[in-house]
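Colleague: Coordinates for the following, if possible.
(chains A and B)
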Amino acid sequence: KQEVTQIPAALSVPEGENLVLNCSFTDSAIYNLQWFRQDPGKGLTSLLLIQSSQREQTSGRLNASLDKSSGRSTLYIAASQPGDSATYLCAVKSNQAGTALIFGKGTTLSVSS
Amino acid sequence: GAVVSQHPSRVICKSGTSVKIECRSLDFQATTMFWYRQFPKQSLMLMATSNEGSKATYEQGVEKDKFLINHASLTLSTLTVTSAHPEDSSFYICSARDGTSGTAQYFGPGTRLTVL
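Modeller: Below is the predicted model of the structure:
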């Protein structure tokens, strides 16, 4: 059974810092991996989606990498801002058709000004 | 982009009552919809998968007689929490898969259920 782990569970940084969020998964037979942002009491905002054949995806100050063989992904946030404060969730989709996403518990980020 | 709505966004009910949550795909046909539950400071946990016109598949530990799921059309799925108890208080999120565009899933904004 696929399990997704995110480290650290919480992170506090001053504005301007570059930071890395980690995600690991136990079954490397994934179809894709996705990073989401969730603000308190809100739904999910998709940030980046990496297909299993890809190594990384970039969007603005965000860069996500994927090492499928080792079961790891990282989300790199450059020049963090207070508006980046949120919970970041990593989710994987298995190769089986019609399956749902399996989520990690998330990393709660707080960026202070 | 694809939009998924949920209604209501927030509901407070008394213990013992039933609550229905709707999930709609607004601009695409959702052949599959997923229902997730999220407790405070926890991640999203899949509750069930529903395919249009067929019975939902429930994850282990989720009571199918308590959480009734209906996916009667390609744009609407409903989750009914029957005889709700305070421990059912949670954030319920649906996602819908567009059958014509591969495996992409689109998430609704969630429904906050509070059972008194």
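Colleague: From residue A:68, how far out is residue A:1?
Modeller: Remark: distance between residue A:1 and residue A:68 (C-beta to C-beta, to the nearest Å) = 18 Å. The C-beta positions use only the backbone N, C-alpha and C, and glycine is treated the same way.
Colleague: neighbour-wise, which of the two wins?
Modeller: residue A:68 (19 against 6; other C-beta atoms under 10 Å in any protein chain shown).
Colleague: and residue A:17, that one's in a helix?
Modeller: No: using DSSP: H, G, I helix; E, B strand; the rest coil, the assignment for residue A:17 is coil, not a helix.
Colleague: Pull up the pairing partners for the helix or strand of chain B with the lowest mean pLDDT, direction included.
Modeller: Using mean pLDDT, DSSP states H and E, strand B:105-107 stands out as the lowest-scoring helix or strand of chain B, at a mean of 87. Taking DSSP bridges as the criterion, strand B:105-107 forms sheet pairs with strand B:90-98 (antiparallel).
Colleague: follow-up on the earlier one: strands paired with the next helix or strand after the least confident helix or strand of chain B, and their directions?
Modeller: Sequence-wise, the next helix or strand downstream of strand B:105-107 (DSSP states H and E) is strand B:111-115. Sheet partners assigned to strand B:111-115 using DSSP bridges are listed as strand B:10-13 (parallel), strand B:90-98 (antiparallel).
Colleague: where in chain B is pLDDT low?
Modeller: Within chain B, the stretches with pLDDT under 70 are B:1, B:101-103.
Colleague: do chain A as well
Modeller: For chain A, the ranges with pLDDT under 70 are A:96-98.
Colleague: switch the cut-off to 90
Modeller: A:1, A:40-46, A:94-101 (pLDDT under 90).
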